[in-house]
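Engineer: Whatever this is, show me its structure:
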Amino acid sequence: MTSCAAAYEMTANPDFEISVGLEIDAKESSPDAVTQSLGVFPSLVTRKGEPDAPAGEHPSALGGHPRHRHNLWRLDSGLPAANTALSEQIDALLSRLEGKEEQVQKWAEGAHVYVNAFAYQTVPNLTLSPEQMRRMAALGVTLEVDLHDLTRAEHNDN
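Structural biologist: Residues are numbered from 1 along each chain as shown. Modelled structure (predicted):
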């Protein structure tokens with residue numbers, strides 16, 4: 001088996017998956033204000049009052065979908081979710097925010113600002129080093145970990 005085939009196999013059938021991102025629930029502020037103050041383009045934005053539509057849904061079909069209740073700005077770690085440990089994803093996310101500590105702290109004073117780790121399938125050890133915790137504390141953010149075992153029917157949407 002070539003290394004390329006092994007990498008594909010590992011991604012196609014991962015041992016675990018974790019996605020990590022900084023989320024700023026901007027309350028009444030526009031997500032655009034977060035982008036401008038941080039100088040970082042977000043991975044995802046939702047705007048209060050806009051339809052919460054499934055990906056690829058045609059705009060004409062959005063009338064019956066629930067509306068977003070928050071202005072949310074999200075910056076992902078930039079690493080693949082498959083087989084990438086929480087600590088690696090936290091390091092990548094914190095690197096993307098390097099030099100933005102003061103701006104993130106200002107948002108944390110008046111908004112819900114947190115690092116969201118969403119783990120599904122088999123969940124590995126979720127370990128953070130003292131340095132990672134120090135860097136997160138310097139940003140003024142909390143860590144929220146949402147665990148879903150998709151091998152259990154009650155956690156699986158399929």
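Engineer: Low-confidence regions, this structure specifically.
Structural biologist: Applying pLDDT under 70 to the chain flags the ranges 1-13, 52-66, 121, 123-124, 149-158.
Engineer: Go again with 50.
Structural biologist: Applying pLDDT under 50 to the chain picks out residues 1-11, 62, 155-156, 158.
Engineer: Now do the helices in it.
Structural biologist: For the chain, the helices defined by DSSP state H occupy 3-12, 31-38, 86-96, 101-110, 130-139.
Engineer: Compare the ones you listed and give me the one nearest residue 118.
Structural biologist: The closest of the helices of the chain to residue 118 is helix 86-96. By Cβ to Cβ, the value is 10.6 Å. All C-beta atoms are positioned from the backbone trio N, CA, C, and that covers glycine.
Engineer: returning to that earlier point: would you format the helices of the chain as JSON lines with distance to residue 146 included?
Structural biologist: JSON lines is the format used below for the helices of the chain (distance: least, Cβ to Cβ, whole Å):
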{"stretch": "helix 3-12", "distance to residue 146": "22"}
{"stretch": "helix 31-38", "distance to residue 146": "21"}
{"stretch": "helix 86-96", "distance to residue 146": "12"}
{"stretch": "helix 101-110", "distance to residue 146": "20"}
{"stretch": "helix 130-139", "distance to residue 146": "17"}
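Engineer: Can you tell me which of those is nearest to residue 19?
Structural biologist: helix 86-96 (7.7 Å).
Engineer: circling back to that earlier point, packed most tightly, which of the helices of the chain would that be?
Structural biologist: helix 86-96 (a mean of 19; mean count of other Cβ atoms under 10 Å).
Engineer: and the angle for it with helix 101-110?
Structural biologist: 110 degrees (axes from the mean of the first three to the mean of the last three Cα atoms, to 10 degrees).
Engineer: Please name every helix or strand in contact with helix 86-96.
Structural biologist: On a contact count with 3 or more Cβ pairs under 8 Å, 6 or more residues apart in numbering; DSSP states H and E, helix 86-96 meets strand 16-25, strand 72-76, strand 112-121, helix 130-139.
Engineer: Provide a list of residues in contact with residue 110.
Structural biologist: By Cβ atoms under 8 Å, 6 or more residues apart in numbering, the contact set of residue 110 is residue 27.
Engineer: rewinding a little: select, out of the helices and strands packed on helix 86-96, the one closest to residue 44.
Structural biologist: Proximity to residue 44, assessed across the helices and strands packed on helix 86-96 by Cβ to Cβ, is greatest for strand 72-76 (4.1 Å).
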